[in-house]
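[1] Have a look at this prediction, sequence included:
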Amino acid sequence: MDSDFMHMIARGIVPFVVMFVVYLMGFMSFTVPLWGGAEVPFMVMTVYYCTVYRVRLVPPFLLFIAGVWFDLLSGLPVGMSAFLLLVTRRIVYEQRVYLTGQSFAVLWMGFVGTLAMYAVLQWAVFSVLSWHIASPLPLILGSALGVLAFPVIALILNLSQRTLPALTSQYSAVA
Amino acid sequence: MRKKGKPSTFSLFSGQSSAGGGLLILVSVVFMILSAVRPHSFDFMRRGVSDIFAPVLQAANMPLQKASFFLHGMTQLAQLQADNDRLQEENEDLRAWYQMALLLDSENKSLRDLLNLNIGYDFEHMSARVLSDAGNTFVKTVLIKIDPRFNPKKNASVLSGQGLVGRLVEIGNETARVLLVTDVNSRVPVAVEDTGQHAIMAGDNDGLPRLIHLPQESTLQDGARLVTSGYGGVFPYGLPVGTVTRDGDGTPRVALYAQFDRLRIVRVLLGQKGVLNGF
């Protein structure tokens, strides 16, 4: 393999490492003083941002594996997170033509809408699977934290994706 | 450059074709239905994945736990003086109760000797570190690191320093999953310590589990202490659970002793020392 190819591979790994770190953060609970613990939807942020700007970084098989892995570790019904992430990716992929090239405020608003859809779907799917109407309050808190945290995660992902090598015609990835 | 013609298998799942994404969505739905119909289908995978991922989770969670405790400490600064005064008063009360407890223990032993009755409530236990927080919105479980030499059993009771936390539902080689008492699938038989009144504590995915299956004529007092009743054979008798409280609708709930946002080390009960002998 030529050195240019190896160099490109090395630089291409950085965004995946950053995405993996953000993925790990999805397993943690963040305690809000005087309010309680909440799960911040880091995976949704990653899927949304990458689907808009670098859709090749979030192929469906990767989301499927990440979702199933997350369900196995967190005790959720297996397949639930994979389903939600794949549906989210599909919807954002259809809408990305309206989001690319827009200001960050528009991107942020798009994330709010995506997160709202994801939260409602997550609540509905879990309620059906568990035969129990789940309380939506923890979701609301987690979603609020997610909206606030999105700019930070978007910045981190943006910086990490600047390491991606300029693609030559030989390795062109038409997104 | 993308080749024209029939898409390759790789392109089906790499995002170049919508059929791959649709197929994976279908597979996810099948998995979900299987999880709902046969919940234990994926247990062996969960155990394996937990064992593999445990070191990563432990390392990743450590800075967050420290930050959480620091933040919690900061918010408590304002209450330090009030807490200090309250604790000093409680300490004085506890000293008096300690003397009373010694007296009652001695009397208890004498009476048991007279009846030739031997009941032991000493439990063998194992300490375990919590690897991941109870942060999932819908499923209240935590992963703990276990020592396989102690051979903990499924449904073993798990306690914190304050009270009951949950029970073991999955056990791997290095890790185990604890179903918390706040989980919607958790049911714990409890009893009021003073009156012996029985009920079932049902998790609600929030911090205050409900008390269900109460007798119609029950008169629960707010603040009454609840312990495990031993019914059902899963949780042994006498484990501290919490106190009775009520929500805005007057529904009886349980203010748990255990503090789930600060779980670091838990105790897993391995077995009960002592046997109930006949008269």
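    Done, it's in. Quick caveat, the model's predicted, so the values are computed rather than measured.
[2] Mind naming the longest helix for chain A?
    For chain A, the longest helix by residue count, based on DSSP state H, is helix A:104-130.
[3] isn't residue B:201 right up against residue B:182?
    No - counting by Cβ atoms under 8 Å, residue B:201 stays clear of residue B:182, with 9.8 Å between them. For the C-beta atoms, the positions are set from N, CA and C on the backbone; glycine is no exception.
[4] Give me the distance between the residue lying closest to residue A:107 once chain neighbours are set aside and chain B.
    Among residues not flanking residue A:107 along the chain, residue A:99 sits closest, at 6.0 Å (Cβ to Cβ, 6 or more residues apart in numbering or on different chains). According to Cβ to the nearest Cβ, to the nearest Å, residue A:99 and chain B sit 17 Å apart.
[5] secondary structure class for residue B:266?
    Recorded secondary structure, residue B:266: strand (DSSP: H, G, I helix; E, B strand; the rest coil).
[6] all strands for chain A, in order.
    Remark: strands assigned in chain A by DSSP state E are A:30-32, A:36-38.
[7] Pick out the shakiest of those strands, pLDDT-wise.
    Ranked on mean pLDDT, the bottom entry among the strands of chain A is strand A:30-32, at a mean of 58.
[8] tell me, what's touching residue B:201 and residue B:182 both at once?
    Listed as contacting both residue B:201 and residue B:182 by Cβ atoms under 8 Å, 6 or more residues apart in numbering or on different chains are residue B:209.
[9] more crowded one of the two?
    residue B:201 (27 against 22; other Cβ atoms under 10 Å in any protein chain shown).
[10] Pull the number of nearby residues for residue B:251.
    Residue B:251 - counted by other Cβ under 10 Å - has 13 other residues nearby.
[11] Show the pLDDT at the nearest residue to it once chain neighbours are set aside.
    Residue nearest to residue B:251 in three dimensions, not counting chain neighbours: residue B:210, with 6.3 Å by Cβ to Cβ, 6+ apart. Per-residue confidence (pLDDT) for residue B:210: 93.
[12] Repeat that for residue B:17.
    Residue B:17 carries a pLDDT value of 55.
[13] now residue B:192
    Residue B:192 carries a pLDDT value of 90.
[14] now the nearest residue to it once chain neighbours are set aside: how far from residue B:236?
    Residue nearest to residue B:192 in three dimensions, not counting chain neighbours: residue B:224, with 4.9 Å by Cβ to Cβ, 6+ apart. Using Cβ to Cβ, to the nearest Å, we find residue B:224 at a distance of 20 Å from residue B:236.
[15] how about stretch B:140-156: buried residues?
    B:140-146, B:150, B:152, B:156 (16 or more other Cβ atoms under 10 Å in any protein chain shown).
[16] So which of the residues you listed sit within strands?
    Going by DSSP E, the strands hold B:141-145 from these.
[17] just to revisit the earlier point, beta partners of the residue nearest to residue B:251?
    residue B:202, residue B:253 (DSSP bridges).
[18] To what extent is it buried, counted in neighbours?
    For residue B:210, the neighbour count with other Cβ under 10 Å is 17.
[19] Surely residue B:56 is in contact with residue A:24?
    Yes - judged on Cβ under 8 Å, residue B:56 makes contact with residue A:24 at a distance of 7.0 Å.
[20] circling back: touching, the residue nearest to residue B:251 and residue B:199? I think so.
    No - using Cβ under 8 Å as the test, residue B:210 is too far from residue B:199 to be in contact (9.5 Å).
[21] Can you pull the residues that touch both of these two?
    residue B:252.
[22] how many other residues sit next to residue B:131?
    For residue B:131, the count of nearby residues is 26 (other Cβ under 10 Å).
[23] And residue B:190, by the same measure?
    26.
[24] Wait, it touches residue B:196, no?
    No - the criterion here is Cβ under 8 Å, and residue B:190 misses it with residue B:196 at 11.1 Å.
[25] What are the neighbouring residues in contact with the residue lying closest to residue B:132 once chain neighbours are set aside?
    With sequence-adjacent residues excluded and distances taken as Cβ to Cβ, 6+ apart, residue B:132 is closest to residue B:143, at 4.6 Å. By Cβ under 8 Å, 6+ apart, the residues touching residue B:143 are A:73, B:50, B:54, B:57, B:130-132, B:175-178.
[26] Could you single out the nearest of these to residue B:262?
    Closest approach to residue B:262 among the contacts of residue B:143 (Cβ to Cβ): residue B:130, at 9.7 Å.
[27] Show the backbone phi and psi for the closest one.
    Per-residue torsions, residue B:130: phi -80, psi 130 (degrees, to the nearest 10).
[28] Can you give me every residue that contacts it?
    So residue B:130 contacts B:142-144, B:263-266 (Cβ under 8 Å, 6+ apart).
[29] What is the subsequent helix or strand relative to whichever strand or helix holds residue B:73?
    Here residue B:73, judged by DSSP states H and E, is contained in helix B:43-76. From helix B:43-76 onward toward the C-terminus, using DSSP H and E, the following helix or strand is helix B:80-115.
[30] near chain A, anything from that next one?
    No - remark: helix B:80-115 sits outside contact range of chain A, by Cβ under 8 Å from any Cβ of the partner chain, the gap being at least 15.2 Å.
[31] For residue A:149, give me the pLDDT.
    Residue A:149 carries a pLDDT value of 92.
[32] List the contacts of residue 160.
    Using chain A. Going by Cβ under 8 Å, 6+ apart, the list of residues near residue A:160 reads A:14-15, A:17-19.
[33] that's the other chain; I wanted chain B
    The neighbours of residue B:160, taking Cβ under 8 Å, 6+ apart as the test, are B:257-259, B:263, B:265-267.
[34] returning to that earlier point: next, format the contacts of residue B:143 as TSV and append pLDDT and distance to residue B:40.
    Shown next, in TSV, are these (pLDDT from 0 to 100; distance: Cβ to Cβ, whole Å):
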residue	pLDDT	distance to residue B:40
A:73	86	17
B:50	86	15
B:54	80	21
B:57	77	23
B:130	87	24
B:131	84	22
B:132	75	21
B:175	91	17
B:176	92	15
B:177	92	12
B:178	94	17
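[35] Nearest to residue B:92 among the residues you listed?
    Distance to residue B:92 across the contacts of residue B:143 (Cβ to Cβ) is lowest for residue B:130, with 33.7 Å.
[36] Bridge partners for that closest one, pull those for me.
    Counting by DSSP bridges, residue B:130 is bridged to residue B:144.
[37] quick one: it and chain A, what's the gap?
    From residue B:130 to chain A the distance is 11 Å (Cβ to the nearest Cβ).
[38] Likewise for residue B:154?
    Where chain A is concerned, residue B:154 sits at a distance of 15 Å (Cβ to the nearest Cβ).
[39] And residue B:23, by the same measure?
    Counting by Cβ to the nearest Cβ - residue B:23 and chain A are separated by 9 Å.
[40] Which of the three states applies to that residue?
    Residue B:23 - assigned by three-state DSSP - is helix.
[41] Identify the residue nearest residue B:148 in space, chain neighbours excluded?
    Using Cβ to Cβ, 6+ apart, the closest residue to residue B:148 is residue B:173 (5.8 Å).
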